[in-house]
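In: Only the shape, not the letters, is given here:
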């Protein structure tokens, strides 16, 4: 039996990966293109909506599109798409048209059981799902490529920000995340953390 493109991590919480068309085949370590071709997207079955976070559905992934269509139909609730930062719009507009989805991050427009965490000065709004205790960052926290941990993004990823922050300032901006009882960290780049997420973040913030 063929494996499914969209994997369920916890009841109602799903993740998939796809090759980003703009990824560099051989990225330069520490540069703005220092990220692998496979990027992750998340779907969450809220009571009143289906939430898609940073969704990427490439045109050549008919299997993924068909599976997502079935998923949307089965859930039977409106689709809400949230992007964590400007570079993760990915397939947003195409899916808005396909599903009639909304894209507002305003608190009043978010599905039930969905919260956002603004990382001050970092140009990013993370998504926090209290019930599965899952944090969904954009580019500020990455998989550490060692398995089970996270790391901060390189300084080169922060240069465009008006704040001109570097990793030292980013660590301070991320400290409020430690107030959350994070179990899972569903990073966009790299392997997700599927247990003891808060400890993984705390370790990354120590430098």
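Out: Thanks, I have the structure now. These numbers were taken from a predicted model, which means no experiment stands behind them. Numbers count the residues shown, from 1 in each chain.

In: longest single helix anywhere in this structure?
Out: Scanning the chain for the longest helix, with DSSP state H as the assignment, gives helix 62-75.

In: for that one, which positions count as buried?
Out: 64-65, 67-68, 71-72 (16 or more other C-beta atoms under 10 Å). Quick note: C-beta positions are derived from backbone N, CA and C, even for glycine.

In: Ignoring the adjacent residues along the chain, who's closest to residue 202?
Out: Excluding the flanking residues, the one nearest residue 202 by C-beta to C-beta, 6 or more residues apart in numbering is residue 178, at 5.9 Å.

In: Enumerate every residue touching the one you found.
Out: 198, 201-202, 205 (C-beta atoms under 8 Å, 6 or more residues apart in numbering).

In: what about burial for those, which qualify?
Out: Buried members of the contacts of residue 178, scored by 16+ other C-beta under 10 Å, are 198, 201, 205.

In: how much space between the last one and residue 177?
Out: Pointing back at residue 205 there. Computed as C-beta to C-beta, to the nearest Å, the residue 205 to residue 177 distance reads 8 Å.

In: Residue 117 bridge partners, please.
Out: Beta-bridge partners recorded for residue 117 (DSSP bridges): residue 126.

In: Make 9 the first number, not 1, from now on.
Out: Happy to do that; since the first residue is 9 now, the last one works out to residue 125.

In: Just to check, it is in contact with residue 187?
Out: No - counting by C-beta atoms under 8 Å, residue 125 does not reach residue 187; the two are 9.5 Å apart.

In: and these two? which has more neighbours close in?
Out: residue 125 (18 against 9; other C-beta atoms under 10 Å).

In: per-residue confidence at the more buried one?
Out: The model reports residue 125 with a pLDDT of 97.

In: list the contacts for it?
Out: 133-136, 143, 184-185, 188.

In: can you list these in JSON lines and add neighbour count?
Out: Listed next are the contacts of residue 125 as JSON lines, based on neighbours: other C-beta atoms under 10 Å:
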{"residue": "133", "neighbour count": "16"}
{"residue": "134", "neighbour count": "24"}
{"residue": "135", "neighbour count": "24"}
{"residue": "136", "neighbour count": "16"}
{"residue": "143", "neighbour count": "24"}
{"residue": "184", "neighbour count": "12"}
{"residue": "185", "neighbour count": "22"}
{"residue": "188", "neighbour count": "17"}
